[in-house]
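Colleague: take a look and give me a structure for this.
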Amino acid sequence: MNYYPPSPQPEKVIGLTPHSDGVGLTILLQVNEVEGLQIKKNGMWVPIMPLPNAFIVNIGDILEIITNGIYQSIEDRATVNSEIERLSIATSLN
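Modeller: Down below sits the predicted model:
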C-alpha cells in the first residue's frame, strides 16, 4: 500500500520519483480516486485520471525484454495533492 499525505506545497514534494517497473506487470488500484499517477508520453507527463473500482496494468521492464520491445515498459511517477491524501495498492507479477 502506498500512502501520500497532502502537502501545502505539492510542487516541492516528490510522491514517487520517475521510474519504470523492473517486473513483468504491475497491477495498481487507486483506492480513494485522488489524482497523482502520471505517465511519460512523448516526453511530457500525462495525468492518469482515476476510475472507480478500476485496475491499472503497467507493462514492466521484464515483459518489454521478453517480447523484444513489442510491449514497452512505461515511465511513471506519483505526485501529491495539496488537500487530500492519496492511497494506492500495487502488486507485481514476474
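Colleague: now residue 35: how far from residue 17?
Modeller: Here the criterion is CB to CB, to the nearest Å. By it, residue 35 lies 18 Å from residue 17. From N, CA and C alone the C-beta is placed, and that goes for glycine too.
Colleague: do residue 57 as well
Modeller: Between residue 57 and residue 17 the computed distance is 21 Å (CB to CB).
Colleague: try residue 94
Modeller: Distance, residue 94 to residue 17, using CB to CB: 22 Å.
Colleague: between residue 35 and residue 17, tell me which one has more neighbours.
Modeller: Ranked by neighbour count (other CB atoms under 10 Å), residue 35 and residue 17 place residue 35 first, with 15 against 7.
Colleague: longest strand of this protein, counting residues only.
Modeller: The residue-count maximum for a strand in the chain (DSSP state E) belongs to strand 86-93.
Colleague: if you count contacts, what does that one end up packed against?
Modeller: With contacts defined as 3 or more CB pairs under 8 Å, 6 or more residues apart in numbering; DSSP states H and E, strand 86-93 has these neighbours: strand 2-4, strand 25-30.
Colleague: which residues make contact with it from outside it?
Modeller: Residues from elsewhere that reach strand 86-93 (CB atoms under 8 Å, 6 or more residues apart in numbering): 1-4, 15, 21, 23-32, 34-37, 60, 78, 80.
Colleague: of those residues, just the buried ones, PyMOL syntax please.
Modeller: Those of the contacts of strand 86-93 that count as buried under 16 or more other CB atoms under 10 Å are selected in PyMOL with:
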select buried, resi 4+15+21+23+24+25+26+28+30+34+36+37+60+78+80
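Colleague: okay, buried residues for the host helix or strand of residue 65 please.
Modeller: Assessed by DSSP states H and E, residue 65 sits inside helix 61-66. Buried residues in helix 61-66, counting neighbours by 16+ other CB under 10 Å, are found at 62, 63, 64.
Colleague: how about stretch 46-53?
Modeller: residue 50.
Colleague: what's the answer for stretch 75-82, then?
Modeller: Using 16+ other CB under 10 Å as the test for burial, stretch 75-82 gives 76, 77, 78, 79, 80, 81.
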